[in-house]
Every structure is written in structure tokens, then in C-alpha cells.
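Engineer: sequence first, predicted coordinates after that:
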Amino acid sequence: MADGGEVTLRLDGPVAHVTFARPAARNAMTFAMYAQLAAICDQLDGQRDLCAIVFRGAGGAFVAGTDISEFTAFQSGADGLVYEDHIDTVLARLARLPAPTLAVIEGAAVGGGLAIAAACDLRIVTPGAKFGVPIARTVGNCLSAANIARLIRAFGDGPVRRMLLLSEFLDGATVHGLGFSSACVPPDRIEAETARQIARLCEAAPLTIAACRTLLARLAEAAPNDRDVIERVYGSQDFREGVAAFLAKRKPVWTGK
């Protein structure tokens, strides 16, 4: 594994384990890692005997968003459209995997990492895990309508507004109270709880599980047009300032342009 990190797949009988491994950067996703995730989803699509697919991060974090240095090559709002389209495609691909998906979350699940967790069917969290989308204070970009809709389904409208507009972070105990997770357990119990939920999934009627996931996905299909908004934000001076300020570890100066 180089500095760019990697996303790995391990098959253990009817259970697939996907790990985001870039611990020095709290598993912040590079574009190469998103490509690896998409390739793993393609590989898993052919595994019809799976009963669970587990996603987790290495080194004490889940995924701390997208690596901001990847944005330095963006020249216009068109680059933002390409990026958000790609993220939407990868997450939609994850959501259509042939078996129930379970995110095991310790540490940070922020920005793109939060979107990955929200795309899963079930989530196990620790009380100290950290959830948020602080882009209004940091990079100055935006999320796609599909990702915002996914977050609202997972958290509810009010908490998502707090995360997006106030850049608030929520801890694991709070998000569990909102219904985001299927369990909130201390770190020393997370392996046992993960094993318990995998066993429940593997014991369930497969056609019923598949039918429920299909119908839940159909109910979530509609999303409004967002392309004008994404292009305006990613093409702005403020976005370029946000990226530069984040990488320089200074506070950004927003101009609204």
C-alpha cells in the first residue's frame, strides 16, 4: 500500500469484508480508492451466494471524506459535475450490491465517508464515532441531491440541516438515537456485535431479504435535478479558496463568488 491507500476485499464463506485502508489519513478516499471500490462492487455483483457484505476502515477510523488534495486539479464547475456524478455512480453501485451491506464505524465517518455509510443497509457505531459534513466551514464544495436525500433518509431532515448548514458533528450515541445505526456498542464489543448481526442476516430467508432491499431501493429512487447548483459551487472562487486554505491549514476567506 502506497500513500494513495487501497480498498481491499476478503471473502470468508458467505460474508465479504471490504476495508478502506489509508490509516495515516484516517482513510480519506483518493480517486484511485473510489475506483477500487467500484471494481470491488463489480466483483461482488457476481457473488450470488453472499449473505452479508461488511464495510469498515483500518486504523481506528471509518472514512474521513475525500482527500482534498485531489481537488487541486479542478479547473471549472464541469470538473465538479464529473466528480459528483462519479461519486453518485459508485454509491448507487454499492447500494445495489446483491447482499445486505453493514458498515462498522469507529472514529470518523465524514463527508464522503458518511455518504458511504449512509448507502449501506445497516450500520454499527461506537459511542465516540464522529459523523458530519463540515464542507461549509472547510472546502466550500457541495453534495449532490442524491447524497443529500440519502442522508435525510438515514438521519432525518433536521440533523442533516445541522450537519450541512452549521457544520455540526454528531457522535455515535446521538446518531443511534436518531435511528441511523442498528447498534451502538463500546469498541471492545464491536466484533461480537458485528458477528451477531452477520449471523442474523445469514439465518434470514434470502428471498425476503432481497425483496425488502429491492422495494426499499425503489422507494428511494427519485432525486431532483442538481447540476446547475453543483456546477456553480465547484466553479466558484470560494471553492478554489477552500481547497487552498484546507491544504495550507488556514481559515478560508469566503467572498461568495
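Structural biologist: The structure has been received and is ready for your questions.

Engineer: how much space between the nearest residue to A136 once chain neighbours are set aside and A223?
Structural biologist: Sequence neighbours aside, S167 is the residue nearest to A136 in space, at 5.3 Å (criterion: C-beta to C-beta, 6 or more residues apart in numbering). No exception for glycine: its C-beta is placed from N, CA and C like everyone else's. S167 is 23 Å from A223, where distance means C-beta to C-beta, to the nearest Å.

Engineer: could you do L44 as well?
Structural biologist: 24 Å.

Engineer: who has more neighbours, those two?
Structural biologist: More crowded of L44 and A223, by other C-beta atoms under 10 Å: L44, with 21 against 14.

Engineer: ok now do E221, which residues does it touch?
Structural biologist: Counting by C-beta atoms under 8 Å, 6 or more residues apart in numbering, E221 touches no other residue.

Engineer: give me the pLDDT value at it.
Structural biologist: Looking at E221, its pLDDT is 79.

Engineer: quick one: list the elements packing against the strand or helix carrying T194.
Structural biologist: Using DSSP states H and E, T194 falls within helix 190-203. Counting contacts by 3 or more C-beta pairs under 8 Å, 6 or more residues apart in numbering; DSSP states H and E, helix 190-203 is packed against strand 52-57, strand 101-105, strand 122-125.

Engineer: switch the cut-off to 10 Å
Structural biologist: On a contact count with 3 or more C-beta pairs under 10 Å, 6 or more residues apart in numbering; DSSP states H and E, helix 190-203 meets strand 15-21, strand 52-57, strand 101-105, strand 122-125, strand 183-184.

Engineer: run the chain-centre distance for that helix.
Structural biologist: 21 Å (C-alpha atoms, centre = their mean, to the nearest Å).

Engineer: tell me which residues in it are buried?
Structural biologist: By neighbour count on 16 or more other C-beta atoms under 10 Å, the buried set for helix 190-203 is 190, 193-194, 197-198, 201-202.

Engineer: ok, stretch 5-17 next?
Structural biologist: Buried, per 16+ other C-beta under 10 Å, within stretch 5-17: 5, 7, 9, 15-17.

Engineer: tell me the two of these that are most distant?
Structural biologist: G5 and V15 (23.0 Å; C-beta to C-beta).

Engineer: so what touches stretch 148-167?
Structural biologist: The contact list for stretch 148-167 (C-beta atoms under 10 Å, 6 or more residues apart in numbering) reads 88, 91-92, 95, 110, 114-115, 117-120, 123, 131-138, 142-144, 168-170, 174-175, 178-181, 216, 219-224, 226.

Engineer: try 6 Å
Structural biologist: 118, 132-134, 136-137, 168, 178, 180, 223 (C-beta atoms under 6 Å, 6 or more residues apart in numbering).

Engineer: quick check: I198 touching A52?
Structural biologist: Yes. I198 is within contact range of A52, at 4.8 Å (criterion: C-beta atoms under 6 Å).

Engineer: which residues do the two both contact?
Structural biologist: Joint contacts of I198 and A52 (C-beta under 6 Å, 6+ apart) are V15.

Engineer: tabulate the CA atom coordinates of whichever helix or strand comes after the helix holding T194 in CSV.
Structural biologist: Later in the chain than helix 190-203, the nearest helix or strand by DSSP H and E is helix 206-219. Provided in CSV are the C-alpha atoms of helix 206-219 (Å, rounded to 0.1, in the frame of the first residue of the first chain):
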residue,chain,number,x,y,z
PRO,A,206,-32.9,-14.9,1.3
LEU,A,207,-35.8,-14.1,-1.0
THR,A,208,-37.4,-12.0,1.7
ILE,A,209,-34.2,-10.0,2.4
ALA,A,210,-33.8,-9.5,-1.4
ALA,A,211,-37.4,-8.4,-1.8
CYS,A,212,-37.2,-5.9,1.1
ARG,A,213,-34.0,-4.4,-0.2
THR,A,214,-35.3,-4.1,-3.8
LEU,A,215,-38.5,-2.3,-2.7
LEU,A,216,-36.7,0.0,-0.3
ALA,A,217,-34.4,0.9,-3.2
ARG,A,218,-37.3,1.7,-5.5
LEU,A,219,-38.9,3.9,-2.9
